[in-house]
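[1] here are the coordinates; sequence isn't available:
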DNA sequence: TAATCATATGAACATATATTCATATGATTA
DNA sequence: TAATCATATGAATATATGTTCATATGATTA
C-alpha cells in the first residue's frame, strides 16, 4: 500500500494523516465548550431574535413596542425575549405594568457587527 | 387615559412610545440582511460544524481525517462540509482521491474567537 | 375589589435540520 | 478495464424549534 510514517490504517479501509491528527486533537476544546458556543450562536441564528437585538442595540424598549415595530405577535416576542434572557444576553427592568428590555453583554454587539460586516461584502 | 404626546393607542388596546418607535424603525436593516445574518450564525449554531471550523482554524484537512478526529461518520462530516461550502466559509482542493478543506473567510475565525471569549467569562 | 392592561407561559402544530444508511461519483491503480 | 478508495448525496428518521392560541400572572386604576 506504500504509506509514509504519518499515515496509518483505520477501520480496515481509510488512510489518515497521523501527525496532523495529533496536532489538531490537542487543540480541540471541550465538549461543553462546543456545546455552549453552539447555544450562543443559535440565539443569533433566528431572524426575530436578530431583529430584537438590533433594536436593543439602539436603546432599551418594552415588549409592546418591540412587538409593534416588528409587527409581530406579542407572545412570539415574549418567547424570544425569554430565550435571550436565559442566555443572559438581555436584562430587564419593570416599571409598573411595563417591562423594559436592554442588552446585557458587550459581546452581543460585537457578534452582531461582525456578522453584519460579513454579509455586506 | 392620560397619555403624553409620545404615546398613542394601537390595536384598541396597547400603548406604545411613539418617538422611540420612529427612531428604532429608521435603524432597522433590510429583511434580506436579517435573513443572511441568521443564515450565517446558523452555521455556527451546530456543534459538529463548530468542531470542523475549530479544526480548520489550525490547518487544512481532508474529510477522512476530520471524520477520524471527531469520531464521526464520514457521511455526516461530508454533509456538514457541504453546508460550510455553500456559505462560502470553507474552500477545498482535490489531490487525487483526497479532498482537503480549509477556511475561506477571515470572519470565520473572528466570529469563532468572540464566541469562545464569551463562553469563557 | 373588580376591571383592565402588559407581559409570560404551556400546549399544539408546522417546519427545519442533523445523522444514518445505502448508494453514486470520480479518481487511482492493479 | 475491473477493483478499490475517498468523498458526495438522496431518502428516511428522529429531534429541535418558532409561532400561534388560549390562558395565567402580576401590576395598576376606576
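    Happy to help now that I have it. As the structure is a prediction and not an experimental result, all values here were calculated from the model. Numbering: from 1, shown residues only, chains lettered A, B, ... in the order given.

[2] can you list the residues that contact the helix or strand encompassing residue A:65?
    Using DSSP states H and E, residue A:65 maps to helix A:63-70. In this structure, residues lying in contact with helix A:63-70 by CB atoms under 8 Å, 6 or more residues apart in numbering or on different chains are A:48, A:51-52, A:55, A:61, A:73-74, A:77-78, A:81, A:98-99, A:101, B:10, B:14-17, B:20-21, B:24-25, B:28. (Each C-beta comes from the backbone N, C-alpha and C, glycine too.)

[3] go on, stretch A:76-96?
    A:39-40, A:43, A:46, A:48-49, A:52-53, A:56, A:60, A:63, A:66-67, A:70, A:99-105, A:108.

[4] quick one: buried residues of it?
    A:77, A:80-81, A:83-84, A:87, A:89-90 (16 or more other CB atoms under 10 Å in any protein chain shown).

[5] Same check on stretch A:104-114?
    A:104-105, A:107-108, A:110-112, A:114.

[6] Can you tell me which of these end up in helices?
    Per DSSP state H, helices hold the following members of those: A:107-108, A:110-112, A:114.

[7] Those: which ones sit near chain B?
    A:107, A:110-112, A:114 (CB under 8 Å from any CB of the partner chain).

[8] Could you single out the nearest of these to residue B:118?
    Within these, the smallest distance to residue B:118 is 4.3 Å, found for residue A:107 (CB to CB).

[9] Hmm, that closest one is touching residue B:116, no?
    No. Judged on CB atoms under 8 Å, residue A:107 makes no contact with residue B:116 at a distance of 10.3 Å.

[10] quick revisit: same question for the helix holding residue A:65: list its buried residues.
    A:63-70.

[11] Among the buried residues of stretch A:76-96, which pair sits farthest apart?
    Among the buried residues of stretch A:76-96, A:77 and A:87 lie farthest apart (CB to CB), at 15.9 Å.

[12] Which secondary structure state is assigned to residue A:100?
    strand (DSSP: H, G, I helix; E, B strand; the rest coil).

[13] Tell me the bridge partners for it.
    residue A:62, residue A:93 (DSSP bridges).

[14] tell me the contacts of it?
    Applying CB under 8 Å, 6+ apart, the residues near residue A:100 are A:60-62, A:92-94.

[15] one more time with 7 Å, if that's ok
    For residue A:100, the contacting residues are A:60-62, A:92-93, by CB atoms under 7 Å, 6 or more residues apart in numbering or on different chains.

[16] Could you do residue A:41 as well?
    Applying CB under 7 Å, 6+ apart to residue A:41 gives the contacts B:41, B:44-45, B:115.

[17] where does chain A come near DNA strand C, residue by residue?
    For chain A, the residues found near DNA strand C under the criterion CB under 7 Å from any atom of the strand are A:2, A:62-64, A:67, A:74-75, A:78-79, A:81-82, A:92, A:97-100.

[18] So which of these reach DNA strand D?
    Among the residues of chain A next to DNA strand C, the ones lying near DNA strand D by CB under 7 Å from any atom of the strand are A:75, A:79, A:97.

[19] Tally up the residues packed near the first one, please.
    Residue A:75 is surrounded by 10 other residues when neighbours are defined as other CB atoms under 10 Å in any protein chain shown.

[20] same check, this time on the last one
    The burial count assigned to residue A:97 is 8, neighbours taken as other CB under 10 Å.

[21] And it, how far from residue A:73?
    Applying CB to CB, to the nearest Å, the value for residue A:97 to residue A:73 is 19 Å.

[22] now the second one
    Distance of residue A:79 to residue A:73, given as CB to CB: 9 Å.

[23] Nearest to residue B:34, out of the buried residues of stretch A:104-114: which one, please.
    For those, the nearest to residue B:34 is residue A:112 (10.9 Å; CB to CB).
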